[in-house]
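Chemist: take a look and give me a structure for this.
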Amino acid sequence: MENNTRVKRKKGIRWKRVFGFAILIFALAVFYSVYQYNKGLKQATQMKGNNKIESSFEDFEGPEPQFGEINIMLLGSDSRGEEHARTDTLMIVHYNQNTHKMKIASIMRDIYVNIPEIGYQKMNAAFAYGGPELVRKTLKENFGIDINYYAIADFEGFSKIVDIVAPKGIEVDIPYEMSYGIGMTLHPGKQVLHGDQLLGYVRFRHDRLSDFGRVERQQEAIEKLKEQAVSIHSVVNLPKILGTVTPYIETNLDTPTILSITKGLVVNKSDDLDRIRIPVQNSYENDTVNVGAVLKIDMDENARVLNEFLADGHGLVEGKAGN
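Modeler: A predicted model of the protein is given here:
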């Protein structure tokens, strides 16, 4: 009986040591991640000088995420020195913290929508009128989707982010020569593109697919950047990489959430991104109205498809979308 008690005590002590060691390793990993993130942030801020993007959209009222599901609004702004620029790119990134699954929905910028307190306009006008908060309200008003966080990068920021995340470049297969409107010439065939070149690739729209082809290339670039960021050689340095790109992004995401999402992407790095474009096929028509050429879409159908695509079993719609 006494021997059994001694054995149990030894096992208990052993498990306590193992548990304590596991906690120590976890604490060190968290400390290392935060340290590397802050180190990268400090280095990038020093390199960029006093031009670090500062948050100027304190009125953003996105709700707290529920069920571990996060909606992040990615905005590409063609600011060029203007205080109130229209968005060149609008994507919704949906991330599930439980499954580590990521989805991307691209919202076409010329969709004719009802902007709250403004009226009917192109989708990309919402940012110019009221920043990310008005974009959030517009998405909720028209599609029934709410946004928790936002992240904004201008053209310079995108190029810098590409060069930081993928210093050896991103390989793409260019279908035909691209030059008009992007300030460079990209030749057909497989090419390794760096920051400015990849920006030209995702911005080009003067072909038969126009904005639709541009959106497809934007999604391709995001997926390849994600793959590059979580590749084997980048995983150890990922917190530092995130810290380095932070000065080029304006966001209300806090550091713990950024690191949590990053950890999940590393765990789930083998999975492709699920992607969708709004409007979906056969649900829109081209038209010209007082604000110019627009896409008039079947709002109910596109709201339904978008909600079903983003939902992970908890139903993200808070009310009927559409007008």
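Chemist: give me every residue that touches Ile297.
Modeler: Contacts for Ile297 (C-beta atoms under 8 Å, 6 or more residues apart in numbering) come out as 111-112, 278-279, 283-284. Every C-beta, even on glycine, is put in place using the N, C-alpha and C of the backbone.
Chemist: ok, 10 Å please
Modeler: 108, 110-113, 142, 278-280, 283-285, 303, 322 (C-beta atoms under 10 Å, 6 or more residues apart in numbering).
Chemist: number of residues surrounding Gln97?
Modeler: Residue neighbour count, defined by other C-beta atoms under 10 Å, stands at 16 for Gln97.
Chemist: surely it and Pro65 touch.
Modeler: Yes. The criterion here is C-beta atoms under 10 Å, and Gln97 meets it with Pro65 at 7.9 Å.
Chemist: the contacts of Ile297 in strands, which ones?
Modeler: 112-113, 278, 284-285 (DSSP state E).
Chemist: mind checking which of the residues you listed are buried?
Modeler: For these, a burial check counting by 16 or more other C-beta atoms under 10 Å picks out 112-113, 278, 284.
Chemist: save those as TSV, and put in distance to Val93 and pLDDT too.
Modeler: Formatted as TSV, these follow (distance: C-beta to C-beta, whole Å; pLDDT from 0 to 100):
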residue	distance to Val93	pLDDT
Tyr112	24	97
Val113	20	97
Ile278	14	97
Tyr284	23	96
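Chemist: of these, closest to Asn307?
Modeler: Ile278 (10.9 Å; C-beta to C-beta).
Chemist: and that closest one, how close does it get to Asn302?
Modeler: 5 Å (C-beta to C-beta, to the nearest Å).
Chemist: what residues are shared contacts of those two?
Modeler: By C-beta under 10 Å, 6+ apart, the residues touching both Ile278 and Asn302 are 107-108, 111, 143, 284.
Chemist: most widely separated two among those?
Modeler: Phe143 and Tyr284 (13.9 Å).
Chemist: overlap of the contact sets of these two?
Modeler: 111, 278, 299, 302.
Chemist: so the third one versus Asp211, what's the distance?
Modeler: Right, the one you point to is Met299. 18 Å.
Chemist: strands of the stretch 1-150 of the chain, start to end?
Modeler: Here the stretch 1-150 of the chain has its strands, by DSSP state E, counting those that start in this stretch, at 69-77, 87-96, 101-107, 112-115, 119-122, 149-154.
Chemist: reformat those strands as a markdown table; add distance to Tyr248.
Modeler: Listed next are these as a markdown table, based on distance: least, C-beta to C-beta, whole Å:
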| stretch | distance to Tyr248 |
| --- | --- |
| strand 69-77 | 12 |
| strand 87-96 | 15 |
| strand 101-107 | 20 |
| strand 112-115 | 28 |
| strand 119-122 | 26 |
| strand 149-154 | 6 |
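Chemist: closest one to Val289 among those?
Modeler: Comparing the strands of the stretch 1-150 of the chain under C-beta to C-beta, the one sitting nearest is strand 112-115, at 6.8 Å.
Chemist: in its sheet, which strands sit next to the closest one, and in what direction?
Modeler: strand 119-122 (antiparallel) (DSSP bridges).
Chemist: take the partner strand, keep the C-alpha atoms, and write them as CSV.
Modeler: What follows is strand 119-122 as a C-alpha-only set of coordinates in CSV (Å, rounded to 0.1, in the frame of the first residue of the first chain):
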residue,chain,number,x,y,z
GLY,A,119,-27.8,58.0,-51.3
TYR,A,120,-27.0,55.9,-54.3
GLN,A,121,-23.4,55.9,-55.4
LYS,A,122,-20.6,53.6,-56.5
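Chemist: can you pull the buried residues of that strand?
Modeler: Under 16+ other C-beta under 10 Å, the buried positions of strand 119-122 are 121-122.
Chemist: now that strand: mean pLDDT?
Modeler: Summarised as a single mean, pLDDT over strand 119-122 is 96.
Chemist: thought Lys101 was touching Tyr95?
Modeler: Yes. Using C-beta under 10 Å, Lys101 makes contact with Tyr95 at a distance of 7.5 Å.
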